[in-house]
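Trainee: Sequence first, predicted model second:
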Amino acid sequence: MRVVSATLLLLLVGEGAAFFVTRPAFGQVETKVCMAAGADVERVVKTSPSAVDPLCIRNVALVGHSHSGKTSLGEWMLYDEKVLTKQPLAGQSLLDSDPAESSRHSSVFSHFFRVPHNDHLLEIADTPWTDYQSDANSALDGSDAAVIVASVCDGLKPGTITSFQECQKKKIKSILCLSKMDREFIDVDNFMDEFEATLGVKPVPLQVRVHGEGGKFEGVRPLFHLKSNGDITQNDDPATEEAWMNLEEAVAMTDDDLLMEYLDDGALPPNKVLLGLKTAIRNQKILPAVYASSEQNVGVVELMDSIVAFLPDPVEAREDALTAACESEEGMCGMKPGVEAGFAARVVHTVVDSFGSLSILRVISNSCDEGGNFDSIPHNIVNMRTREELKVGLTAFTLQGKERVPFPTGAKVLPGNVIAIPKLDSVQTNDILTVKEAVSEEAAEIQIEEATQVLTPLSRRAAELPLMYTALVSLPEADGKKGGRGKTNSGSDKLISALQAISREDLAVKVDTDTVKGSLLLHCMSGDHAQLIATRVKDRYGIDIEMSAKPVQYKETISKAVLNIEGRHKKQSGGSGQFGVCVINMEPLEEGSGVEFVSQIKGGVISKPFITSVEKGVREQLEMGGPLAGYPVTDVRVVLTDGKMHSVDSNDFAFTSAGKLSVKAALSKAGTRLLQPMEDVHFQVSEKLVGEITSIVSRNDGYVMGSESTGLDSVEIEAILPSASIPAVSDALRTKTAGSGTFVNLFAHYQAVSDEQTIQRIVDESPHRHE
């Protein structure tokens with residue numbers, strides 16, 4: 001078949017051309033229109049290239065450890081394809097446009113952009129990964145494929161490990177990109193060996209490095225050529241021969257038929273190697289590796305070639321899921337990948353600011369006519385989570401980083417496209433949106449995908465990340481004092497609205513109220529995360545906020561039993577007086593027993609109503625706090641043994657007061673000791689970090705209960721730690737694990753504080769201390 005250029009075809013068929021072509025046999029020459037006319041390549045960031053065929057789209061997330069070079073790679077892709085006018089410069093990111101990102105020189109949010117390459121369209125999500133995992137997970141869940149970016153000069157980092165593990169778990173096809181190859185003193189072979197030893201997978205290079213590594217790295221020689229018509233052929237350069245043989249063997253090991261042919265003939269035909277490679281990547285049996293240096297702009301184009309050649313298009317990504325659906329339920333057979341029951345999309349990111357909300361959607365499928373022409377954005381959709389029907393306005397955008405490029409009204413929407421729609425105010429990140437007539441089909445498909453573990457953007461469930469840091473949020477007083485008192489309700493309402501808006505955008509943020517004190521609480525990932533939230537509230541809404549650690553609920557208990565303690569309330573001021581006397585014993589109980597009240601009154605020396613009054617006074621005084629630091633007293637038994645009453649002057653108030661006085665005297669005589677709340681903490685970290693976790697626990701007055709392996713290079717460590725140490729533990733864990741470690745904590749029990757310096761510090765800092 002004669003190959004005709006896409007440009008010539010567009011001239012022949014006109015500007016609105018849209019072809020939905022069937023997939024050819026691998027390596028077969030095909031004629032197809034991939035890119036829309038008018039997708040200019042002027043060096044303007046507002047350009048938005050588009051595709052007219054979903055087979056020509058690749059939906060890819062850039063993942064990996066912080067500072068591994070993900071954003072730089074994305075910017076050089078845009079520059080090399082003439083979408084950006086400005087050459088990317090180190091420390092001057094064009095994608096990281098938020099003020100918080102500029103100051104940190106690191107991504108805080110996921111950014112979405114489009115890159116045209118070789119008549120294909122790359123829809124790319126640049127993720128923050130380890131520092132802000134929730135946002136990264138949402139972008140990854142909406143992708144068909146991923147590029148795991150690893151800085152060779154920094155070694156195998158926790159973020160590299162977790163990103164690979166997430167891709168494996170979510171069934172996301174991946175390429176490993178070794179970045180910063182131009183740096184001095186790097187050892188690629190050592191990195192590959194460590195990767196294999198840690199994760200049990202040996203990356204298979206798709207390239208040969210030119211002139212070695214480190215400062216001598218000047219380029220790459222791919223093992224294949226990607227032609228302009230989409231064909232892939234072997235690179236017969238002699239310099240690639242050894243690497244090709246290694247690739248050939250690796251591919252043969254992934255398929256029994258290929259292995260038999262390889263053993264019989266001693267080699268495989270190049271087209272079978274390349275086809276087997278793509279199949280092995282699709283089945284996650286091979287992790288291909290490429291090399292790049294963003295600073296030198298080396299290997300970037302070749303990375304895009306590898307993405308186009310070997311990572312799945314949106315239609316291919318749906319094929320396995322629909323096959324599973326057909327095998328599970330006869331009524332699900334016959335659906336066309338990418339078309340299926342009609343429009344469906346996943347919300348992969350949400351932006352909420354003073355102008356309103358913007359929902360970023362990854363399109364999964366859409367309706368099309370018999371000629372393969374896809375429909376535009378539907379005007380009426382349904383949120384699968386809430387079953388709410390929503391109206392979609394005429395305004396929509398494609399994204400090039402921070403730039404919102406208007407999406408033409410009535411333009412076609414293809415599977416794999418990423419579009420941004422404003423004013424879907426009830427929609428949250430990770431929601432699935434569809435049309436009313438497709439709700440039941442989509443719900444059935446989701447259930448089948450979950451049951452068969454053939455996961456796609458339609459069915460991947462959002463991971464619940466543990467929120468490891470809690471802060472008390474307040475507005476500053478005019479005189480500089482903290483607290484919520486004295487401020488207008490409107491100020492507090494604005495703060496709550498601002499935090500709720502940020503929690504829509506960042507799923508690792510939750511806001512609630514302390515049920516005891518009524519204070520506003522912010523739950524997030526770390527102290528650094530909390531400060532970022534404060535900055536965003538200030539920048540976006542003009543609200544200054546102050547954050548402090550959530551108050552620790554210390555308690556006190558008595559050190560010894562005391563007997564025959566009298567509480568006497570007597571008052572005479574003319575007319576009826578007030579009189580009540582009670583005698584109590586107080587004794588300590590086992591930890592966790594709380595407060596017990598026992599009456600041993602006999603003979604009616606105190607009537608039953610007044611016994612109830614004594615108990616009320618006892619409990620109120622215990623709650624008012626002990627003599628040491630003013631914290632509530634617990635784990636005691638109070639026994640009412642005797643008392644006196646007056647037929648005229650005794651009343652409820654008198655005996656309540658007598659109960660309080662008796663407790664106050666008993667606590668003073670018995671003396672109290674401090675109890676602190678302890679947390680049962682479960683850490684999830686790499687096996688390499690067990691020593692670091694043990695050290696963190698020890699430094700924070702905790703102790704390790706045990707550990708258990710939970711998978712490849714993953715271990716769960718259980719420890720008991722003081723509640724007061726949780727903020728410090730959260731920050732230490734983030735520092736030591738570079739954001740990859742997590743923990744969940746639940747209240748365990750109260751435990752006596754034994755260290756004298758700690759006791760004195762708690763007493764000195766107590767806001768409840770009785771003077």
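Mentor: Ah, there it is.

Trainee: Just the mean pLDDT for stretch 698-711, thanks.
Mentor: Mean per-residue pLDDT for stretch 698-711: 90.

Trainee: how far does it sit from the chain's center?
Mentor: Distance of stretch 698-711 from the chain centroid (CA atoms, centre = their mean, to the nearest Å) equals 24 Å.

Trainee: List the buried residues for that stretch?
Mentor: Residues 700-702, 704, 707 are the ones in stretch 698-711 that count as buried (16 or more other CB atoms under 10 Å). No exception for glycine: its C-beta is placed from N, CA and C like everyone else's.

Trainee: do stretch 397-413 as well
Mentor: 397-401, 403-405, 407, 411-413.

Trainee: From the rest of the structure, what touches it?
Mentor: 18, 45-48, 50, 52, 78, 83, 94-95, 97, 111-114, 343, 358, 360, 363, 366, 373-377, 394-396, 417-422 (CB atoms under 8 Å, 6 or more residues apart in numbering).

Trainee: re the thing from before, now the two most distant members of the buried residues of stretch 698-711.
Mentor: Across the buried residues of stretch 698-711, the longest distance by CB to CB is 19.2 Å; it joins Asp701 and Ser707.

Trainee: ok, of the buried residues of stretch 698-711, which one's closest to Ser503?
Mentor: Asn700 (28.3 Å).

Trainee: for the host helix or strand of Ala197, which positions count as buried?
Mentor: Taking DSSP states H and E as the definition, Ala197 sits inside helix 188-199. By neighbour count with 16+ other CB under 10 Å, helix 188-199 contains the buried residues 188, 191-192, 195, 198-199.

Trainee: from the residues you listed, which single one is nearest Gly603?
Mentor: Of those, the one sitting nearest to Gly603 (CB to CB) turns out to be Thr198, at 77.5 Å.

Trainee: do you know how far that closest one is from Ile161?
Mentor: Using CB to CB, to the nearest Å, we find Thr198 at a distance of 6 Å from Ile161.

Trainee: low-scoring stretches of the stretch 151-300 of the chain, by residue?
Mentor: 212-215 (pLDDT under 70).

Trainee: what are the ranges of the strands in it?
Mentor: According to DSSP state E, counting those that start in this stretch, the stretch 151-300 of the chain carries its strands in the segments 173-179, 204-205, 207-210, 219-222, 224-226, 232-234, 288-291.

Trainee: between the helix or strand following the last one and strand 173-179, how big is the angle?
Mentor: Pointing back at strand 288-291 there. For strand 288-291, the following helix or strand on the C-terminal side (DSSP H and E) is helix 300-310. Here helix 300-310 runs at an angle of 170 degrees relative to strand 173-179 (axes from the mean of the first three to the mean of the last three CA atoms, to 10 degrees).

Trainee: Pretty sure Arg114 sits in a strand.
Mentor: Yes. Assigned with DSSP: H, G, I helix; E, B strand; the rest coil, Arg114 falls within a strand.

Trainee: That one touches Ala125, doesn't it?
Mentor: No. Between Arg114 and Ala125 there is no contact, the gap being 11.0 Å when judged by CB atoms under 8 Å.

Trainee: contacts for the helix holding Ala197?
Mentor: Outside helix 188-199, the residues touching it (CB under 8 Å, 6+ apart) are 150, 152, 155-156, 160-161, 164-165, 176, 178, 181, 201-203, 209, 213, 289, 291, 688, 712-713.

Trainee: Am I right that Leu206 is in contact with Ala289?
Mentor: Yes. Using CB under 8 Å, Leu206 is in contact with Ala289, at 6.7 Å.

Trainee: who's more crowded, those two?
Mentor: Leu206 (27 against 22; other CB atoms under 10 Å).

Trainee: which parts of stretch 279-295 are buried?
Mentor: For stretch 279-295, a neighbour-count test (16+ other CB under 10 Å) marks 279-282, 285-295 as buried.

Trainee: Now do His120 against Leu223, distance only.
Mentor: 20 Å.

Trainee: and what of Pro551?
Mentor: Applying CB to CB, the value for Pro551 to Leu223 is 62 Å.

Trainee: same check, this time on Leu455
Mentor: 30 Å.

Trainee: which of these two has more neighbours?
Mentor: Leu223 (27 against 18).

Trainee: Tell me which helix or strand comes right after the top helix by length along the chain.
Mentor: Longest helix in the chain, counting residues (DSSP state H): helix 652-670. Later in the chain than helix 652-670, the nearest helix or strand by DSSP H and E is strand 672-685.

Trainee: what sits in contact with each of Arg114 and Ala125?
Mentor: Jointly contacting Arg114 and Ala125 under the rule CB under 8 Å, 6+ apart are Val418.

Trainee: for the residue nearest to Leu259 when sequence neighbours are not counted, what are its contacts?
Mentor: Leaving aside its sequence neighbours, Leu259 sits nearest to Ala252 (CB to CB, 6 or more residues apart in numbering; 4.9 Å). For Ala252, the contact set (CB under 8 Å, 6+ apart) comprises 258-259, 261-263, 268, 276.

Trainee: now that we have these, which one has the most neighbours?
Mentor: Going by other CB under 10 Å, Gly276 tops the contacts of Ala252 with 25 neighbours.

Trainee: Give the burial count for Asp717, as a bare number.
Mentor: Not Asp; residue 717 is Ile. Ile717 has 22 nearby residues by other CB under 10 Å.

Trainee: part of a strand, is it?
Mentor: Yes. Per three-state DSSP, Ile717 lies within a strand segment.

Trainee: Run through the residues that contact it.
Mentor: 682-683, 685, 690, 693-694, 697, 704, 706-707 are the contacts of Ile717 under CB under 8 Å, 6+ apart.

Trainee: Filter those down to just the ones in strands.
Mentor: 682-683, 685, 704, 706-707 (DSSP state E).

Trainee: Reformat these as CSV; add distance to Ala243.
Mentor: As requested, those are arranged in CSV below (distance: CB to CB, whole Å):
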residue, distance to Ala243
His682, 44
Phe683, 41
Val685, 35
Val704, 46
Gly706, 46
Ser707, 41
